[in-house]
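Q: Requesting a structural model of the entry that follows:
(one chain, ligands or ions: 2)
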Amino acid sequence: MSLASLGWDAHFSDAYARFNRRGNKPGRISRVDRGVCTVLTERGVTRASLAGRMLGIIAKDPLAMPSVGDWAVIKTWSDERSTIEAILPRRSAIVRSSSGRAAEGQAIAANADSVAVVEALDPDPDPGRIERLMALAHESGATPLLILTKADAVPDAPLLAADLAGALGDVEVHTVSAHTGDGLDALADYLGPGRTLALIGASGAGKSSLVNALAGTSVMVTRALRADGRGRHTTSHRALVPVPSGGTILDTPGLRLVGLFDRRPGDATVPADGLARAFEDLDELAGGCRFRDCRHESEPDCAVLAAVGDGVITARRLENWRKLQREQSFERRRIEARQRNQRRVTKSRDRDKATRR
Ligand SMILES: Nc1nc2c(ncn2[C@@H]2O[C@H](COP(=O)(O)OP(=O)(O)OP(=O)(O)O)[C@@H](O)[C@H]2O)c(=O)[nH]1
Ligand SMILES: [Zn+2]
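A: Ligands and ions are numbered 1, 2, ... in the order given. This next block holds a predicted model:
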């Protein structure tokens, strides 16, 4: 396996220079199990545990915990054991905050060139989840895109895709089916030699099936859906899989909680449908603002900002409420885009009818 096909380039080779001595070699982490990493190197696959100095660094900064996709410095000892001595600076990282404190974030994928939010077209795609995951993709520093899976399972895939794309702005949207192979060719751009495409999405979104379809072999375990139609948590590991086109695809574990990323510990128990109700007090307060379309940012006589100033509500709560409102306006834009599309379709159908007459 050449390091270049795994994404090794001048940037990483420069960073490696100060570790370049006998006994050390670079490798890319393809899997992490409780501190033991599977590493792809020029000479094949190695298992490596964390060196003592790494443990010290991680204790101070959990983000330094090796993640799938990281380039690592591997030291091989005289008894053949291997340890991870260091992680080279990341070019991008998908970070999930396990609690409200940013310092407790955890990298779930490193050094991807592009990050795809993967959402199934069937059952109905969830725009709120897409938007949350899209924020995570944007924050990673890689190029975000949206992959809509299971296109074979719905009659109107292009319409649904256009509808979701309309609300996303400048992000490429691809519609695919792992079962029929439709749309997979269009993903080749993201998987050229040395390029890494990472996938994030809810459990059951079809990530493993997509990895299998792109890698051309059955490298990941997928399992049938539960009777209630919800995906089962079947990805037992995070994996970096080389694909025939020369790049690598990085699968992350299925993310089951809708608001996993931006909800604070106390809010985590609030179910998605109860979210609006959870902010009723804020809606009520907003009724006291001078302007009816007050955005509670810097407007004069804003009752909400006043309440924050008085300590009646916390700034964090206000921020969460704003997030919810952004989601709702996303939903509105989505519905408008769908109506526009439908009007277009109806119009062209009428035109067809007229010409046939
Ligand atoms: N109709 C159809 N079903 C699909 C397609 N891709 C995946 N599925 C089904 O969707 C279910 C979930 O697929 P997985 O690939 O396991 O989903 P995942 O995102 O990897 O889920 P986790 O492993 O839980 O993270 C399985 O029952 C698949 O057979 C597709 O293109 N078309
Ligand atoms: Zn206000």
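Q: can you give me the strands in the stretch 151-300 of the chain?
A: Using DSSP state E, counting those that start in this stretch, the strands found in the stretch 151-300 of the chain span residues 172-175, 196-201, 239-242, 248-251.
Q: With ligand 2 in mind, check whether stretch 297-315 reaches it.
A: Yes: interface with ligand 2: stretch 297-315 contributes Cys302, Val304 (C-beta under 5 Å from the ion). To be clear about C-beta, it is placed using only N, CA and C from the backbone, and glycine gets the same treatment.
Q: quick check: mean pLDDT across that stretch?
A: Average pLDDT, stretch 297-315: 85.
Q: what do you get for stretch 320-329?
A: Stretch 320-329 comes out at a mean pLDDT of 74.
Q: Same question for stretch 113-127.
A: For stretch 113-127, the mean pLDDT works out to 93.
Q: repeat for stretch 85-92
A: pLDDT averaged over stretch 85-92 gives 95.
Q: And stretch 71-78, by the same measure?
A: 95.
Q: returning to that earlier point: using CSV, lay out the strands of the stretch 151-300 of the chain together with mean pLDDT and mean neighbour count.
A: Putting these into CSV (pLDDT from 0 to 100; neighbours: other C-beta atoms under 10 Å) gives the following:
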stretch, mean pLDDT, mean neighbour count
strand 172-175, 96, 18
strand 196-201, 96, 27
strand 239-242, 90, 21
strand 248-251, 94, 28
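Q: I'd like these laid out as JSON lines, including distance to ligand 2.
A: Below are the strands of the stretch 151-300 of the chain laid out as JSON lines (distance: least, C-beta to the ion, whole Å):
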{"stretch": "strand 172-175", "distance to ligand 2": "35"}
{"stretch": "strand 196-201", "distance to ligand 2": "34"}
{"stretch": "strand 239-242", "distance to ligand 2": "47"}
{"stretch": "strand 248-251", "distance to ligand 2": "43"}
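Q: do you know which of the ones you listed lies nearest Thr46?
A: strand 239-242 (13.8 Å; C-beta to C-beta).
Q: What helices and strands are in contact with that closest one?
A: strand 24-33, helix 207-215, strand 248-251 (3 or more C-beta pairs under 8 Å, 6 or more residues apart in numbering; DSSP states H and E).
Q: so which of these is the most packed in?
A: Highest mean neighbour count of these: strand 248-251, a mean of 28 (counted as mean count of other C-beta atoms under 10 Å).
Q: Outside of that one itself, list whatever touches it.
A: Outside of strand 248-251, the residues within contact range by C-beta atoms under 8 Å, 6 or more residues apart in numbering are 5-7, 28, 68-69, 109, 112, 191, 195-199, 207-208, 211, 214-215, 220, 235, 238-243.
Q: The helices and strands packed on strand 239-242: which one's closest to ligand 1?
A: helix 207-215 (3.1 Å; C-beta to the nearest ligand atom).
Q: That closest one and ligand 1, any residue contact?
A: Yes: under the criterion of C-beta under 6 Å from any ligand atom, ligand 1 is reached by helix 207-215 at Lys207, Ser208, Ser209.
Q: now stretch 185-196
A: No: shown here: stretch 185-196 not in contact with ligand 1 (C-beta under 6 Å from any ligand atom), separated by at least 13.1 Å.
Q: Now that stretch: buried residues?
A: Leu187, Tyr190, Leu191, Gly194, Arg195, Thr196 (16 or more other C-beta atoms under 10 Å).
Q: Farthest-apart pair in these, please.
A: Going by C-beta to C-beta, the pair spanning those furthest: Leu187 and Gly194, at 15.7 Å.
Q: Val45 - that's part of a strand, no?
A: Yes: counting by DSSP: H, G, I helix; E, B strand; the rest coil, Val45 is part of a strand.
Q: give me the element the closest residue to it other than its chain neighbours is part of.
A: With C-beta to C-beta, 6 or more residues apart in numbering as the criterion, Val45 has its nearest non-adjacent residue at 6.2 Å, and that residue is Thr38. Assigned by DSSP states H and E, Thr38 falls within strand 36-41.
Q: contacts for that strand?
A: 1, 3, 6, 25-32, 45-50, 66, 72, 74, 82, 84, 240, 242.
Q: one more time with 6 Å, if that's ok
A: 1, 6, 25, 27-31, 46-49, 66, 74 (C-beta atoms under 6 Å, 6 or more residues apart in numbering).
Q: same thing with stretch 3-23?
A: 26, 28, 40, 42, 71, 73, 75-76, 88-89, 193-194, 196, 246.
Q: Flag every buried residue along it.
A: Leu3, Ser5, Leu6, Gly7, Trp8, Phe12, Ala15, Tyr16, Phe19.
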